[in-house]
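1. this is a predicted model, with the sequence first.
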Amino acid sequence: MASPKVPAADATLRLLSHLASRRAPVAAARIAEELGLPRSRTYDLLAALVEHGYVLHLEQERLYGLGPAAHELSGAYLRQEPLARIGRRAIEAMVDEVGESGHLAVLHGRDVLYIVEERARNRPSLVSDVGVRIPAHLTASGRAILAELPPAQLRALYGRRADFSSRTAVAGPATPRELRELLAGVRREGIAVESGEVSEEMASVAAVVRDHAGWPAAAVALTFVEARVDQAQRARAAAAVQAAADEVTRRLRGRRD
């Protein structure tokens, strides 16, 4: 491979790509070793990226992971709608099959951002319009994604009670411990749920979508009037979101663990 014309930019982009490919934050020494960079240069690059928010330094663990500014870049990518275009057909098919409203959402900081919404015929309007952001820990979509984050990444987002503040919250987890326990259940079941925590009388089920690196890229969900749905219908909805999430994952050329 020819030498890069701008070595500093090349090293910075390689470092960010390296962090993006990892499922958990990593130590600076390991980054330097795997990228073939001098340790001093690696620390300098990391310090600059931390300062600008592209990398998060977990000081107690001496690890580095992607920061909020990197997620903003992913948000800009999503605003150009490639994931929405990939997922829309699967959402439409799911809604047609089940007869309940569906959506596709991504994690945006501590919120979920809705990028596809398909309202079922004769069903009430939802708060999850395209472009709306809702605290992730309250939604089925958010819980499906959060359950698949590495523990260090989850702690960075929800490490304090103050991280759970929400103008809309009337229920749901309110401490890091409560959230960890809830997400452990999501991992056991493979499906995330919420009941009346976003809108009264409404409930949702959701499943995670993975990208090519196995990272939780999004979540597929169905929302319905809880009193109208019995256990058999709820199970059918759960199976439908799982099938739709698998289809979007396949289209992203992701993999299932």
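-> Right, received. Where do you want to start?

2. where does the stretch 151-257 of the chain have low pLDDT?
-> Filtered on pLDDT under 70, the stretch 151-257 of the chain yields the residue ranges 166-170, 254-257.

3. ranges for the strands of it?
-> Per DSSP state E, counting those that start in this stretch, the stretch 151-257 of the chain carries strands over the ranges 192-195, 202-210, 216-225.

4. so which of those is nearest residue 89?
-> Proximity to residue 89 (Cβ to Cβ) singles out strand 216-225 among those, at 12.0 Å. From N, CA and C alone the C-beta is placed, and that goes for glycine too.

5. partner strands of the closest one, parallel or antiparallel?
-> Counting by DSSP bridges, the strands paired with strand 216-225 are strand 101-108 (antiparallel), strand 202-210 (antiparallel).

6. can you add mean neighbour count and give those back as CSV?
-> Below are the strands paired with strand 216-225 laid out as CSV (neighbours: other Cβ atoms under 10 Å):
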stretch, mean neighbour count
strand 101-108, 26
strand 202-210, 27
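
7. redo those strands as CSV? Include distance to residue 196.
-> Formatted as CSV, these follow (distance: least, Cβ to Cβ, whole Å):
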stretch, distance to residue 196
strand 101-108, 16
strand 202-210, 7
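
8. how about the helices of this structure, start to end?
-> 7-21, 28-35, 39-51, 68-79, 82-98, 140-146, 151-157, 176-189, 231-251 (DSSP state H).

9. now these as a markdown table including distance to residue 212 and mean neighbour count?
-> Formatted as a markdown table, those follow (distance: least, Cβ to Cβ, whole Å; neighbours: other Cβ atoms under 10 Å):
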| stretch | distance to residue 212 | mean neighbour count |
| --- | --- | --- |
| helix 7-21 | 9 | 15 |
| helix 28-35 | 19 | 16 |
| helix 39-51 | 23 | 15 |
| helix 68-79 | 14 | 14 |
| helix 82-98 | 12 | 18 |
| helix 140-146 | 16 | 29 |
| helix 151-157 | 18 | 17 |
| helix 176-189 | 21 | 15 |
| helix 231-251 | 10 | 19 |
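
10. brilliant, that's me finished.
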